[in-house]
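Chemist: Show me how the following folds:
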Amino acid sequence: MSDFLIDEELLAAIDMGSNSFHLAIARVDHGEVKKVASMSEKVQLAAGLDENKNLTEAAQQRGLACLARFVGRLSSVQSNRLRIVATNALRQAKNGHEFIQKAAEILPKPIEIIAGREEARLIYLGVSHTLANSGRRLVIDIGGGSTELIIGEAFEPIHTESLQMGCVAYTQAHFANGEISSKEFDRAVVSARKELSGIANTYKTEGWDTVVGSSGTIKACRQITINMGWSDEKENLTREGLEKLKDKLLKYKHVSELEFDGLKDDRRSVLPAGLAILFAIFDVLGIDKLVYSDGALREGVMYDLLGRFQHEDVRDRSVQALMGRYGADLKQARRVLDTAQHLFDNVAVKLNLNVDDSDLLRRAAYLHEIGLAISHGGYHRHGAYLLQHSDIPGFSQIDQNHLSHLVGHHRRKLRVDEKADVSKSGGQKLLSLCLLMRLAVLLNHSRSDEMLPAIELQVLDGQQWQLSVSGDAKQWPLLVADLLDEQLQFKHWDIELNIQSEQFIS
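Modeler: Numbering: from 1, shown residues only. As a prediction, the model looks like this:
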């Protein structure tokens with residue numbers, strides 16, 4: 001990966017939403033992301049979740065066909081300048097891994113399933129880059145499966161929440177047969193109010209200067225009110241306009257009858273549910289009006305990707321925050337990091353490891369002892385749990401899973417059955433990184449700044465590793481003893497670890 005992007009180079013993002021899939025391609029212009037092409041298709045992945053939360057075959061095929069069409073537009077975009085993110089539908093799908101495996105045969109990059117608060121952070125990033133700085137904002141994005149609400153200033157979110165209410169999910173729950181009634185509309189509003197009740201006090205206490213809406217639902221509602229003459233002089237969506245839209249909607253009996261100037265056919269079926277959610281948000285949070293922004297998740301993903309190229313990677317800020325929160329020993333982390341990086345450089349070519357793998361190992365080295373904040377006994381497992389289940393800005397669920405494996409397996413016994421779990425999660429690369437991490441930690445057991453013996457690592461073949469320790473092994477009796485014990489652990493994962501030193505060869 002290059003250190004920076006020059007002007008005119010392309011970035012791209014695919015946003016696999018619960019209602020629609022979006023592709024955006026942009027060029028970098030003086031540090032700003034300027035969109036040059038986009039595609040959007042209504043896939044309704046969330047509507048394909050059956051009663052057991054499994055994606056139906058039909059829904060999977062709709063999604064795969066859409067992704068195949070998107071890929072046809074990506075020939076000018078290098079793969080390291082593309083991110084593909086999935087949201088609520090794949091977060092919920094129990095068989096989501098099946099869809100991801102099928103998609104991997106089509107896509108040039110893996111799909112990243114992002115957590116709700118990470119989705120909210122990226123949405124805010126996309127919106128904030130499309131608006132002039134106007135003080136504190138409340139950003140609202142109503143998706144197919146979830147709704148994100150974020151309070152922030154400038155480019156920094158302050159509060160991020162993702163609530164389990166979306167226009168596709170609420171359509172299935174309240175308007176599944178397309179019939180419209182005031183009774184079901186009110187039920188949908190009450191359901192949304194319940195979801196909002198947990199954050200209402202915190203958000204209203206924090207306060208905001210402006211309210212910004214992004215998403216198809218809000219765009220459609222605003223456009224209808226503009227066309228009907230129900231918006232204000234600046235074409236903002238107002239509480240009064242929303243009331244009039246609700247009254248007009250409830251005069252229809254079925255979504256097929258809806259006739260609003262500005263309402264697209266693919267938005268018709270989910271309008272009642274989306275309007276009910278928006279109505280509840282206005283009511284519970286006491287909103288009088290909102291402005292609309294075209295910025296959304298896909299724009300946020302591209303700005304986040306641009307930041308990674310420009311050494312403004314939010315993931316590194318998150319790692320620093322975690323270390324501070326859990327009181328990690330920075331000196332020891334850096335000792336382990338230096339050793340891990342040296343070992344990585346020794347074998348990267350042989351093991352086909354790249355810069356992304358190096359970044360993963362580096363972050364794991366910084367975080368490998370955060371579990372000590374809970375308990376010394378089994379602290380590697382505590383650390384793995386924290387990384388697996390925390391909301392960590394910048395990281396996808398897959399990223400967190402990989403970090404969790406590196407931290408969870410950096411010490412103690414390696415069980416044979418765990419190898420399959422690691423391999424399923426990240427393949428041979430993740431297995432190798434786990435072993436490199438173990439060696440780096442082991443070589444720094446003394447927690448001392450005294451010089452270690454010169455150490456070199458070779459991979460003789462896929463199953464044989466050789467660690468050469470300079471000098472007389474008698475000078476390092478504890479280190480050699482630890483390495484002998486480690487040989488057995490490596491064997492559990494089918495790797496033969498040979499140790500070479502003067503007067504000692506294993």
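
Chemist: how about the helices in the stretch 101-250 of the chain?
Modeler: Assigned by DSSP state H, counting those that start in this stretch, the stretch 101-250 of the chain shows helices spanning 116-128, 167-174, 182-206, 216-227, 239-249.

Chemist: which residues make contact with the second one from outside it?
Modeler: Outside of helix 167-174, the residues within contact range by C-beta atoms under 8 Å, 6 or more residues apart in numbering are 18-19, 44, 46-47, 142-145, 184-185, 187-188, 191-192, 216-217, 269-274, 276-277. In this view, the C-beta of every residue, glycine as well, is placed from N, C-alpha and C.

Chemist: Can you say which of the helices of the stretch 101-250 of the chain is packed in most?
Modeler: When the helices of the stretch 101-250 of the chain are scored by mean count of other C-beta atoms under 10 Å, the highest mean neighbour count falls to helix 116-128 (a mean of 27).

Chemist: what comes up buried for stretch 150-164?
Modeler: Neighbour counts over stretch 150-164 (16 or more other C-beta atoms under 10 Å) mark Ile150, Ile151, Gly152, Pro157, His159, Thr160, Glu161, Ser162, Leu163 as buried.

Chemist: can you put the helices of the stretch 101-250 of the chain in a markdown table and add distance to Pro108 and mean pLDDT?
Modeler: Supplementary listing: the helices of the stretch 101-250 of the chain in a markdown table, determined by distance: least, C-beta to C-beta, whole Å; pLDDT from 0 to 100:
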| stretch | distance to Pro108 | mean pLDDT |
| --- | --- | --- |
| helix 116-128 | 21 | 96 |
| helix 167-174 | 28 | 96 |
| helix 182-206 | 37 | 97 |
| helix 216-227 | 27 | 96 |
| helix 239-249 | 42 | 97 |
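
Chemist: Let's have those in TSV, adding distance to Gly427.
Modeler: As requested, the helices of the stretch 101-250 of the chain are exported to TSV (distance: least, C-beta to C-beta, whole Å):
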stretch	distance to Gly427
helix 116-128	23
helix 167-174	33
helix 182-206	38
helix 216-227	36
helix 239-249	50
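
Chemist: out of the ones you listed, which comes closest to Ala340?
Modeler: Proximity to Ala340 (C-beta to C-beta) singles out helix 116-128 among the helices of the stretch 101-250 of the chain, at 26.1 Å.

Chemist: can you dump the C-alpha coordinates of that closest one into PDB?
Modeler: The C-alpha coordinates for helix 116-128 follow below in PDB (Å, rounded to 0.1, in the frame of the first residue of the first chain):
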ATOM      1  CA  GLY A 116     -23.800  -0.800  14.400                       C
ATOM      2  CA  ARG A 117     -21.800   2.000  16.100                       C
ATOM      3  CA  GLU A 118     -19.000   1.700  13.500                       C
ATOM      4  CA  GLU A 119     -21.700   2.100  10.800                       C
ATOM      5  CA  ALA A 120     -22.900   5.200  12.700                       C
ATOM      6  CA  ARG A 121     -19.300   6.600  12.800                       C
ATOM      7  CA  LEU A 122     -18.800   6.200   9.100                       C
ATOM      8  CA  ILE A 123     -22.200   7.700   8.300                       C
ATOM      9  CA  TYR A 124     -21.300  10.700  10.300                       C
ATOM     10  CA  LEU A 125     -18.000  11.000   8.600                       C
ATOM     11  CA  GLY A 126     -19.700  10.900   5.200                       C
ATOM     12  CA  VAL A 127     -22.300  13.500   6.200                       C
ATOM     13  CA  SER A 128     -19.800  15.900   7.900                       C
END
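
Chemist: mind checking how far that helix is from the chain centre?
Modeler: With C-alpha atoms, centre = their mean, to the nearest Å as the basis, helix 116-128 stands 10 Å off its chain's centre.

Chemist: Please apply the same query to stretch 274-283.
Modeler: From the chain centre to the centre of stretch 274-283 is a distance of 26 Å (C-alpha atoms, centre = their mean).

Chemist: Tell me which residues are up against it.
Modeler: Here stretch 274-283 has contacts from 140, 142, 147, 149, 165-167, 170, 174, 185, 188-190, 192-193, 196, 213, 216-218, 220-221, 239, 242, 245-246, 249, 287, using C-beta under 8 Å, 6+ apart.

Chemist: Same question for stretch 105-118.
Modeler: By C-beta under 8 Å, 6+ apart, the residues outside stretch 105-118 that reach it are 14, 16, 64, 67-68, 71, 74, 79, 82-88, 90-91, 96, 100, 103-104, 122, 146, 148, 160-162, 391-399.

Chemist: Narrow the residues you listed to just the buried residues.
Modeler: Here, 16+ other C-beta under 10 Å leaves 14, 16, 64, 67, 74, 82-88, 90-91, 96, 100, 103, 122, 146, 148, 160-162, 392-399 buried among the contacts of stretch 105-118.

Chemist: from those residues, which ones fall inside strands?
Modeler: If you go by DSSP state E, these have Ile14, Met16, Leu82, Arg83, Ile84, Val85, Ala86, Glu148, Thr160, Glu161, Ser162 in strands.
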